[in-house]
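K.L.:
Starting from these lines, generate the structure:
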Amino acid sequence: MSNNPTRQRKPSFGKGGVPTPPGFEAHPERRHNGAWKKEDTARYKLEQMMKMSEQELIAIIKDKDAPYFERKLATCINKGDWGELSGMMNQVYGMPKQINENKNIEIKPILPMKDKK
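P.N.:
Okay, here's the model as predicted:
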């Protein structure tokens, strides 16, 4: 397959011989790179709300047209509900690293030992 931009796509046909609509080569405006918009991510919204003043947070809480996640986040930050806010942060950033130390270690050989005769 060549990367020649002047090359035209052969028309394909669906059920009953109905031609399918042209693809991205005919309509490049329909192409999307597949990436998230940074402004739509929970992490971005959380970090922006951390910078807001109390009055700005209260305005979001009272705005019934704001997304529920944003209102809930603003409420937690404003009230100082650190337990719930901590859970939200763990969802956004992931759990902090936890070290589990096992002190009851029994050393066993990996392979069974053969009896010497």
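K.L.:
In this structure, where is pLDDT below threshold?
P.N.:
Across the chain, the ranges flagged by pLDDT under 70 are 1-11, 24-25, 113, 115-117.
K.L.:
Geometric centre of it: which residue is closest?
P.N.:
Most central in the chain under C-alpha atoms, centre = their mean is Thr41, positioned 6.9 Å from the mean C-alpha point.
K.L.:
How much space separates that one from Glu47?
P.N.:
When distances are taken as C-beta to C-beta, to the nearest Å, Thr41 and Glu47 turn out to be 9 Å apart. For glycine as for every other residue, the C-beta is placed from the backbone atoms N, C-alpha and C.
K.L.:
Could you check which helix or strand contains Ala66?
P.N.:
Assigned by DSSP states H and E, Ala66 belongs to no helix or strand.
K.L.:
so what's it closest to, chain neighbours aside?
P.N.:
Distance criterion C-beta to C-beta, 6 or more residues apart in numbering; nearest residue to Ala66, sequence neighbours excluded, is Ile60 at 5.4 Å.
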